[in-house]
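**Student:** Sequence and computational prediction follow.
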Amino acid sequence: MKLLFENWRSHLNEGVEEKYEKFFNPKGWYFESEMELGEGAFGKVYRAENKETGQRAAIKILPVGMDLGYPELKAELENYEFIKNSRNTFPEEVAKHFPEVYETGKINSKIGYVIMELLEPMPTDVKNSLFATTGDLEGRAVKTDRILADLETLSQIFGRVIDDSYFHSHVYNKLSRLTKREGTAESYKIIEETTKEAFRIYTTTKETPDLPGFISGGGNLFSIYFKTDREKRLASVILDSMLKMFSRLYENFDEAITGALNDDGQRIGRNWHMNFLRSFGNRVSMQLKGELAKAVIPTKMSNREQYDVRKTAFPEAASLFNAMEKSHEAQFEPADVHGRNVMVRPGTDELVIVDLGLFDLMRDEE
């Protein structure tokens, strides 16, 4: 049955592609033998050559169907038409990150098309370092090494992890059972000082703090979340610094951590200190793992702030960042910018956003 279905689908595709060829051949465009370049949610992309000029191109076919409705087709064609008409008005450092669009239009009322310059896939290592968040361990190691080697990026990651982990609700809930004093008026200043001190310790020593409450050896917290000794030391320094910060903020914190408050009356519960240390360690470590693994290039400008710290560690992404920001000023908000939607211009290392379908062009509502 599966073979029958595949043969049937191939037969249908052959008919469709012949119909496309009949439309594009009079325009001078002929599909190449290995013509299909890729397939997305909205359509397929074919490789073609103009027999009159020798120019090669990518032709994106957009048929209305389950994933692409008429409003989406209209919006996608408008997006590419905007780049076709506006690309030359952008500064060169912005224009180079968008494709040169030769033509947009419709084959019929249900099928649209875009003809644009032919680009190449990104090298795997570049794709992994700029976009990948999970999976490929080798790619993640390269990304992490670049972050750890860049002091500006690393210092800001220290700040993010300590800020986000400290203000998580479960920290307050547990610490409120230790003391009526829920931090001081100078909490923000203490947190800032802790971040700076933790970063200084990490960059000036090679020692890994011996933390209380964690099981050593296989299966411990750090062997689960981190794959290298450098990452484990990074997590240990942050956790140790935060435990010292809690000692400054909460009167009875040191007693609770040593289990001293678990005696008379079991004020906060049996073995609370061990459970708290492990749950808090999990929270901080997961936060740090996320910061190290996070994609470098944001999928849209509205949440780009969390990625900006990586511009110095990944200079090849900074130019694309700036181009996305500049196009946003032109009321063309980038969206859906991920590894499959960015390619490389042949003979250069220029990253080009090829799929503009979900960009938000601020359209005139009149």
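**Tutor:** It's in. Numbers count the residues shown, from 1 in each chain.
**Student:** in this structure, which spans are helices?
**Tutor:** 2-24, 70-86, 92-95, 124-130, 137-149, 151-166, 169-175, 187-204, 221-225, 229-249, 253-257, 272-293, 305-308, 315-329 (DSSP state H).
**Student:** got the angle for the second one vs helix 315-329?
**Tutor:** When you say that, I think you mean helix 70-86. 110 degrees (axes from the mean of the first three to the mean of the last three C-alpha atoms, to 10 degrees).
**Student:** With residue 284 as the reference, measure out to residue 291.
**Tutor:** 11 Å (C-beta to C-beta, to the nearest Å). (C-beta placed from N, C-alpha, C; glycine too.)
**Student:** shared neighbours, the two?
**Tutor:** Common contact partners of residue 291 and residue 284 (C-beta atoms under 8 Å, 6 or more residues apart in numbering): residue 161.
**Student:** Would you mind telling me which of these two has more residues around it?
**Tutor:** Taking neighbours as other C-beta atoms under 10 Å, residue 291 and residue 284 compare with residue 284 leading, 23 against 20.
**Student:** Contacts only, for the more buried one.
**Tutor:** Counted by C-beta under 8 Å, 6+ apart, residue 284 has contacts 161, 165, 235, 238-239, 242.
**Student:** Can you give me the neighbour number for the nearest residue to residue 280 once chain neighbours are set aside?
**Tutor:** Closest residue to residue 280 apart from its sequence neighbours, by C-beta to C-beta, 6 or more residues apart in numbering: residue 171 at 6.8 Å. Look at residue 171: counted by other C-beta under 10 Å, it has 18 neighbours.
**Student:** can you check residue 316 too?
**Tutor:** So residue 316, with other C-beta under 10 Å, has 14 neighbours.
**Student:** where does it sit relative to residue 146, distance-wise?
**Tutor:** From residue 316 to residue 146 the distance is 11 Å (C-beta to C-beta).
**Student:** pLDDT at the nearest residue to residue 325 once chain neighbours are set aside, what is it?
**Tutor:** Closest residue in space to residue 325, ignoring its immediate chain neighbours: residue 301 at 6.4 Å, by C-beta to C-beta, 6+ apart. For residue 301, the pLDDT comes out at 79.
**Student:** Residue 82 is in contact with residue 361, isn't it?
**Tutor:** Yes. Between residue 82 and residue 361 a contact is recorded at 5.6 Å, counting by C-beta atoms under 8 Å.
**Student:** More neighbours: these two, which one.
**Tutor:** Neighbour comparison, residue 82 and residue 361: the larger count goes to residue 82, with 21 against 17 (by other C-beta under 10 Å).
**Student:** which regions of the stretch 1-150 of the chain lie under the pLDDT threshold?
**Tutor:** Residues of the stretch 1-150 of the chain that meet the criterion pLDDT under 70 lie in 1-17, 33-36, 38-42, 134-136, 139.
**Student:** ok, back up a step: mind putting the contacts of residue 284 into TSV with pLDDT, neighbour count and distance to residue 117?
**Tutor:** TSV is the format used below for the contacts of residue 284 (pLDDT from 0 to 100; neighbours: other C-beta atoms under 10 Å; distance: C-beta to C-beta, whole Å):
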residue	pLDDT	neighbour count	distance to residue 117
161	91	27	42
165	79	20	46
235	91	25	45
238	94	26	46
239	92	27	50
242	92	22	51
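**Student:** Since that was my last question, I'll sign off now.
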